[in-house]
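Q: please work out how this folds:
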Amino acid sequence: MNAKIFLLLSVVAVAAADRRPSFSYSAPRHSSEESGPAKYNFQWAVNDAPSGNDFGHQENRDNDNTQGSYTVQLPDGRLQTVKYYVDGDSGYIADVGYQGEARYPDSDEVRSYTPPRPKYG
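A: Numbering: from 1, shown residues only. Model (predicted):
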């Protein structure tokens with residue numbers, strides 16, 4: 001009698017082990033945050049006269065139409081302005097312009113770089 005119960009339990013164990021768990025794989029759920037077309041605008045600028053830093057960026061986007069510009073103060077004294085746009089599949093189209101005249105120091109005015117002394121305190 002024990003052998004019959006043992007055999008029955010063995011068959012049940014084998015049948016249970018053969019069963020694979022059922023997992024359902026599907027595409028990720030769509031987030032409502034990503035459902036609308038891209039639309040934004042921003043602008044920032046830095047103008048620090050003592051250090052000579054003058055740069056900024058502005059951009060507007062409405063769906064596939066993006067346009068903007070950025071400016072950079074170059075080491076030679078000119079201000080470089082880049083105006084750009086992207087309209088769908090047209091790619092990045094840029095118009096680069098410069099304001100001012102390039103200035104280069106005379107050889108007597110060129111100084112060598114000396115790193116600042118560390119301050120502990």
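
Q: could you use CA atoms for every contact and neighbour count after this?
A: Will do.

Q: nearest residue to residue 80 in space, ignoring adjacent ones along the chain?
A: residue 98 (4.6 Å; Cα to Cα, 6 or more residues apart in numbering).

Q: which residues of the chain fall in helices?
A: Secondary structure of the chain (DSSP state H): helices at 2-18.

Q: out of the helices and strands in the chain, which is least certain?
A: Of all helical and strand segments in the chain, the minimum by mean pLDDT, DSSP states H and E falls on helix 2-18, at a mean of 73.

Q: roughly how far is stretch 98-118 from the heart of the chain?
A: Remark: stretch 98-118 is offset 33 Å from the chain centroid, using Cα atoms, centre = their mean, to the nearest Å.

Q: and the contacts of the least confident helix or strand of the chain?
A: The contact list for helix 2-18 (Cα atoms under 8 Å, 6 or more residues apart in numbering) is empty.

Q: just the CA trace of that helix, in CSV.
A: Presented in CSV, the C-alpha positions along helix 2-18 are these (Å, rounded to 0.1, in the frame of the first residue of the first chain):
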residue,chain,number,x,y,z
ASN,A,2,2.8,2.4,0.8
ALA,A,3,4.4,1.7,-2.6
LYS,A,4,1.1,2.7,-4.3
ILE,A,5,0.9,6.0,-2.4
PHE,A,6,4.6,6.7,-3.1
LEU,A,7,4.1,6.0,-6.8
LEU,A,8,1.0,8.2,-6.9
LEU,A,9,2.9,11.1,-5.2
SER,A,10,5.8,10.7,-7.5
VAL,A,11,3.6,10.9,-10.6
VAL,A,12,1.9,14.1,-9.2
ALA,A,13,5.3,15.6,-8.4
VAL,A,14,6.6,15.0,-11.9
ALA,A,15,3.4,16.4,-13.5
ALA,A,16,3.6,19.5,-11.3
ALA,A,17,7.3,20.0,-12.1
ASP,A,18,6.7,19.7,-15.9
